[in-house]
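Engineer: sequence unknown, structure follows:
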């Protein structure tokens, strides 16, 4: 699901090895290779707007500048992020051990005869995509494997279903808090804030609220204070 986002993604997104073990990512990447023909590496792009594929394969979610993972069939994966001063903040977010600044990305993939897959190419800004294409170079074709990853993402494992279930439970915590504040006569803003605070207190990494002021005909993000009481309030 895609929804409106604030300028900066908030909330912790460190890799939790107990909830999502490294072996889980290894199986996802192995499944990619099984359907990748003779490709020996995959170049995965993600930005703060479009990062589902990158997070699925590496757990990394870019919050400011884009990131690129270079997944090698042999297992020596690399992740390239922003500037050098971002490396310390990036390392806890992924199991990938080799994390480098983005300026090293083009030289790392340049003049390599390997057959490459590209994932998330349509999300790349035009100039960035040209840099990647020129860096890969060579006579070998470049295959877009984004749809292949989407197909794998649609099949949920037990661990993934458990994670979704935990998220659903958090939404119920938020709903209950909003019901109580709404029944006490609070305005829409106070109702929404109560729900977001309850979700964060219960362990949510991030909270996005859409609500309606016209009985559900349209939904809007929480961007401005609404002091009046709205009944019914669809959130």
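Structural biologist: Received it, and whenever you're ready, just let me know what you need. Treat the numbers as computed from the prediction; the structure is a model and nothing was measured.
Engineer: worst-scoring helix or strand of the protein, pLDDT-wise?
Structural biologist: Here the helix or strand of the chain ranked lowest by mean pLDDT, DSSP states H and E is strand 142-144, holding a mean of 81.
Engineer: May I see the buried residues of the next helix or strand along the chain from it?
Structural biologist: Going down the chain from strand 142-144, the next helix or strand is helix 146-153, by DSSP states H and E. By 16 or more other Cβ atoms under 10 Å, the buried positions in helix 146-153 come out as 146, 148, 149, 152. In this view, the C-beta of every residue, glycine as well, is placed from N, C-alpha and C.
Engineer: Which residues does helix 146-153 contact?
Structural biologist: Residues from elsewhere that reach helix 146-153 (Cβ atoms under 8 Å, 6 or more residues apart in numbering): 28, 31-32, 35-36, 52-53, 56-57, 118-122.
Engineer: what mean pLDDT does it have?
Structural biologist: The average pLDDT within helix 146-153 is 92.
Engineer: Could you save the contacts of helix 146-153 as a markdown table and add columns showing neighbour count?
Structural biologist: Shown next, in a markdown table, are those (neighbours: other Cβ atoms under 10 Å):
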| residue | neighbour count |
| --- | --- |
| 28 | 17 |
| 31 | 15 |
| 32 | 22 |
| 35 | 13 |
| 36 | 19 |
| 52 | 17 |
| 53 | 23 |
| 56 | 20 |
| 57 | 24 |
| 118 | 23 |
| 119 | 26 |
| 120 | 23 |
| 121 | 19 |
| 122 | 10 |
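Engineer: For residue 186, which non-adjacent residue is closest in space?
Structural biologist: Nearest residue to residue 186, sequence neighbours excluded (Cβ to Cβ, 6 or more residues apart in numbering): residue 229, at 6.9 Å.
Engineer: now do residue 66
Structural biologist: Nearest in space to residue 66, with sequence neighbours left out and distances taken as Cβ to Cβ, 6+ apart, is residue 47 at 4.4 Å.
Engineer: OK, contacts around the closest residue to residue 109 other than its chain neighbours?
Structural biologist: Using Cβ to Cβ, 6+ apart and skipping the chain neighbours, the partner closest in space to residue 109 is residue 135 (5.0 Å). Residue 135 sits next to 105, 106, 107, 109, 110 when contact means Cβ under 8 Å, 6+ apart.
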